[in-house]
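K.L.:
need a structure here:
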Amino acid sequence: MERFMDFFQEKMIPPLVKVGNQRHLMAIRNGLAITIPFIIVGSIFLILGNLPFDWWADYIGELGPKMNVVVNSSFGVLGVLAALGIGYHLAKSYKLDPITGSVISFVAFLLTQVTEDFQLDTSKFGAEGLFTAIIVCMFAVEVLRFFVKRNIVIKLPEGVPPAVGNSFIALIPALVVMITVWLIRVVIGFNITDFITMIFSPVVFALNTLPGILIYSALVTLLWSAGIHGDMTLEGIADPIYIQFLTVNTAAFIAHEKIPYITASGFYSLFVNVGGTGATLCLVLLMIRSKSKLYKSLGKVSFPSACFEINEPVIFGFPVVLNPVILVPFTVVPLVLTTLSYLMMYFDIIGRPVAMVPWTMPPIIGPFIATGGDWRAAVWSAVEMVIATIIYYPFFKFAEKQQLEIEGKEENLNTVQA
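P.N.:
Numbering: from 1, shown residues only. Have a look, this model is predicted:
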């Protein structure tokens, strides 16, 4: 185990950290954050308008279908919001005017969404246009940077207000971006969105398979084991795909059709991260009942935050980081929960994610809401906690034994000194 951790830290961690800190991926991660409030609001209306109870449907009556208007309005513009957010954050990272980067990216995205008869097609404004938004935003901001860096811009006299000055600085880059996208999409007739979707399709397919999500799960926990925020490191790559899955699931849920995607947004955060990455809430519960004074006190302090999926106190306080004993269950538990939850959804034993809930939602409650009110998902979440606790137990007892020996030696030393 020690050799593996040394190899992982020396050979694998550095490139993964570079990927996580890569400017464009960070812009994607930060830019997509702007979509979260709208997805959550839309999910609230989705759940309230489509709860699987006859008495509730009778109670809300015609208000149910009307609630879906909010769902379609919020989920239906995710691509547009992503274009604005990613363009803003990428430009900001280059110390360019973020509003300019955001607006040029937005207009470039709109130009890609033109039909064969030159009408604006709003059907891809949602998650279907996420990948297009990402690529087009990168292109637009890089063009802006190219011209600004080389001072190929129109500059007005110093007395002109900054807002007006910035608009003229953006004129030449905006012209180049818009002409380029216009030529490709309108004049040549090349469908940019379909092409980008085709390019990303292997990755999209892989992340909805059991092997794909297992690899993702393993990478997240291994990064955490080295003290690196695994979820945030990989979000820039995975989140656009998971959000796209969720919007498709939402549309199917409203239409009362079969939910197609298992690993939609919420699967990993709610059905695998039970009380934080590695299901560490279960470790905290064991710590609360520990004979070790240190573990007992740390468990009590960590419990409130662990209930809301925040596990940094345990990760760095126990610690889990670089701890070969606890790293075994910390890595194994997510793989087990990922496999079992995937199979439970694959065989339709529990529902699949259809609504976005905050990642800080406690176990049992979070899965219930995310699956549109499926009580079986709530029960499964409780069962997961039992499974995770059983896996953690022997490793925790071993670590506890070592800690008790340390505490015993310290007490004896204090007694001798007294």
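
K.L.:
and residue 301, what is it in contact with?
P.N.:
Applying Cβ atoms under 8 Å, 6 or more residues apart in numbering, we find residue 301 in contact with 313, 317. For the C-beta atoms, the positions are set from N, CA and C on the backbone; glycine is no exception.

K.L.:
cool, residue 298 as well?
P.N.:
287, 313, 314, 317, 318.

K.L.:
quick check: mean pLDDT of stretch 240-253?
P.N.:
For stretch 240-253, the mean per-residue pLDDT is 91.

K.L.:
gap between the residue nearest to residue 341 when sequence neighbours are not counted and residue 374?
P.N.:
Closest residue to residue 341 apart from its sequence neighbours, by Cβ to Cβ, 6 or more residues apart in numbering: residue 271 at 4.1 Å. To residue 374, residue 271 is 12 Å away according to Cβ to Cβ, to the nearest Å.

K.L.:
which residues do the two both contact?
P.N.:
With Cβ under 8 Å, 6+ apart, residue 271 and residue 374 have common neighbours residue 367.

K.L.:
so if I had to pick from these two, which one is more boxed in?
P.N.:
residue 271 (29 against 18; other Cβ atoms under 10 Å).

K.L.:
the more buried one against residue 384, yeah?
P.N.:
Yes: between residue 271 and residue 384 there is a contact under Cβ atoms under 8 Å: 7.2 Å.

K.L.:
check which helix or strand residue 131 maps to.
P.N.:
helix 130-149 (DSSP states H and E).

K.L.:
do the same with residue 366
P.N.:
Short version: residue 366 belongs to helix 365-370, going by DSSP H and E.

K.L.:
which elements pack onto that helix?
P.N.:
The contact analysis (3 or more Cβ pairs under 8 Å, 6 or more residues apart in numbering; DSSP states H and E) places helix 365-370 against helix 267-271, helix 375-417.

K.L.:
between those helices, which has the poorest average model confidence?
P.N.:
Among the helices and strands packed on helix 365-370, helix 375-417 scores lowest, with a mean of 85.

K.L.:
which phi and psi does residue 120 have?
P.N.:
Torsion angles at residue 120 (phi, psi; degrees, to the nearest 10) stand at phi -70, psi 120.

K.L.:
any idea how far it lies from residue 111?
P.N.:
Noted for residue 120: a distance of 9 Å to residue 111, by Cβ to Cβ.

K.L.:
next, the buried residues of the helix holding residue 131.
P.N.:
Of all the residues in helix 130-149, those buried under the rule 16 or more other Cβ atoms under 10 Å are 130-141, 143-145, 147-148.

K.L.:
equivalent analysis for stretch 345-355, please.
P.N.:
Those would be 345, 350, 351, 352, 353, 354, 355, for stretch 345-355 by 16+ other Cβ under 10 Å.

K.L.:
what of stretch 168-185?
P.N.:
169, 170, 172, 173, 174, 176, 177, 178, 181, 184, 185.

K.L.:
do the same with stretch 224-231
P.N.:
224, 225, 226, 228, 230, 231.

K.L.:
same question, stretch 301-315
P.N.:
Buried residues in stretch 301-315 (16+ other Cβ under 10 Å): 302, 303, 305, 306, 307, 308, 309, 310, 311, 313, 314, 315.

K.L.:
can you redo those residues as JSON lines with secondary structure?
P.N.:
JSON lines is the format used below for the buried residues of stretch 301-315 (DSSP: H, G, I helix; E, B strand; the rest coil):
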{"residue": "302", "secondary structure": "helix"}
{"residue": "303", "secondary structure": "helix"}
{"residue": "305", "secondary structure": "helix"}
{"residue": "306", "secondary structure": "helix"}
{"residue": "307", "secondary structure": "coil"}
{"residue": "308", "secondary structure": "coil"}
{"residue": "309", "secondary structure": "coil"}
{"residue": "310", "secondary structure": "coil"}
{"residue": "311", "secondary structure": "coil"}
{"residue": "313", "secondary structure": "helix"}
{"residue": "314", "secondary structure": "helix"}
{"residue": "315", "secondary structure": "helix"}
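
K.L.:
farthest pair in those residues?
P.N.:
Pairwise distances across these peak at 15.6 Å for 307 and 315 (criterion: Cβ to Cβ).

K.L.:
who touches residue 199 in this structure?
P.N.:
Contact partners of residue 199, counting by Cβ under 8 Å, 6+ apart, are residue 131.

K.L.:
and the gap between it and residue 263?
P.N.:
Distance from residue 199 to residue 263, by Cβ to Cβ: 20 Å.

K.L.:
equivalent analysis for residue 252, please.
P.N.:
From residue 252 to residue 263 the distance is 15 Å (Cβ to Cβ).

K.L.:
same check, this time on residue 123
P.N.:
24 Å.

K.L.:
neighbour count for those two, which is higher?
P.N.:
Shown here are residue 123 and residue 263; by other Cβ under 10 Å, residue 263 has more neighbours (28 against 10).
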